[in-house]
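Asker: Here is the input, now give the coordinates:
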Amino acid sequence: MDLKKSMMIAASGLRAQSGRMKVIAENIANAESTAKTKGGDPYQRRIPTFREVFDSEMGVKVVRQGRVQLDKTAFGEKFDPGNPAANDKGIVKTPNVNTLIEMVDMREAQRSYEANLNVIGSSRRMLAKTLDILRG
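Answerer: You can find the predicted model right below:
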């Protein structure tokens with residue numbers, strides 16, 4: 001495989017992981033939110049997905065961020081009758097976001113992003129060395 005293709009594949013991984021980190025950050029930011037209306041549903045956790053796409057111009061398969069899906073797990077509940085989002089029984093639904101899981105997912109996405117960045121850096125260095133050899 002030529003170095004240009006490996007750089008394009010890694011760049012697609014960078015874009016996908018960047019999108020994943022944005023979704024995770026949104027989940028973390030809304031982890032303590034409540035519904036806007038009495039008895040309503042709060043923020044629902046989003047789950048980033050990926051899909052494989054064939055890039056016909058380059059002749060390689062690359063990764064793209066897929067549709068962001070909603071997490072179907074149940075909302076939490078807490079008793080807070082003074083909250084404007086509480087239902088008639090004083091129960092407030094809380095988001096189905098677990099910040100510990102989100103932080104682990106964020107770290108995994110960061111590591112994957114860094115790995116793709118290292119592939120691009122290594123490819124660039126190999127291209128530079130090749131040019132140096134051809135000049136010399």
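
Asker: Show me the contact partners of stretch 95-111.
Answerer: The contact list for stretch 95-111, computed with CB atoms under 8 Å, 6 or more residues apart in numbering, reads 17, 20-21, 24-25, 27-28, 30-33, 42-45, 71, 73-76. Bear in mind the C-beta positions are built from the backbone N, C-alpha and C, glycine included.

Asker: Just the buried subset of the residues you listed, written out for PyMOL, thanks.
Answerer: Remark: buried members of those, expressed as a PyMOL selection using 16 or more other CB atoms under 10 Å:
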select buried, resi 17+20+21+24+27+30+31+42+43+45+75
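
Asker: and the contacts of stretch 95-111, which of them are in helices?
Answerer: 17, 20-21, 24-25, 27-28 (DSSP state H).

Asker: Now flag whichever of the residues you listed is closest to residue 125.
Answerer: residue 17 (21.6 Å; CB to CB).

Asker: Correct me if wrong: the closest one contacts residue 112.
Answerer: Yes: with contact defined as CB atoms under 8 Å, residue 17 counts as touching residue 112 (4.9 Å).

Asker: Okay, now the unreliable bits of the chain?
Answerer: Low-confidence regions of the chain, defined by pLDDT under 70, span residues 1.

Asker: give me every residue that touches the residue positioned nearest the centre of it.
Answerer: The chain has residue 20 as the residue nearest its centroid, 1.2 Å off, counting by CA atoms, centre = their mean. By CB under 8 Å, 6+ apart, residue 20 lies in contact with 48, 50, 65, 105, 109.

Asker: Show me which pair in these is furthest apart.
Answerer: Across the contacts of residue 20 (CB to CB), the longest gap, 14.2 Å, separates 65 and 105.

Asker: Which residue ranges of this protein form helices?
Answerer: 3-29, 99-135.

Asker: the inter-axis angle of the first one versus helix 99-135?
Answerer: Between the axes of helix 3-29 and helix 99-135, defined by axes from the mean of the first three to the mean of the last three CA atoms, to 10 degrees, the angle is 160 degrees.
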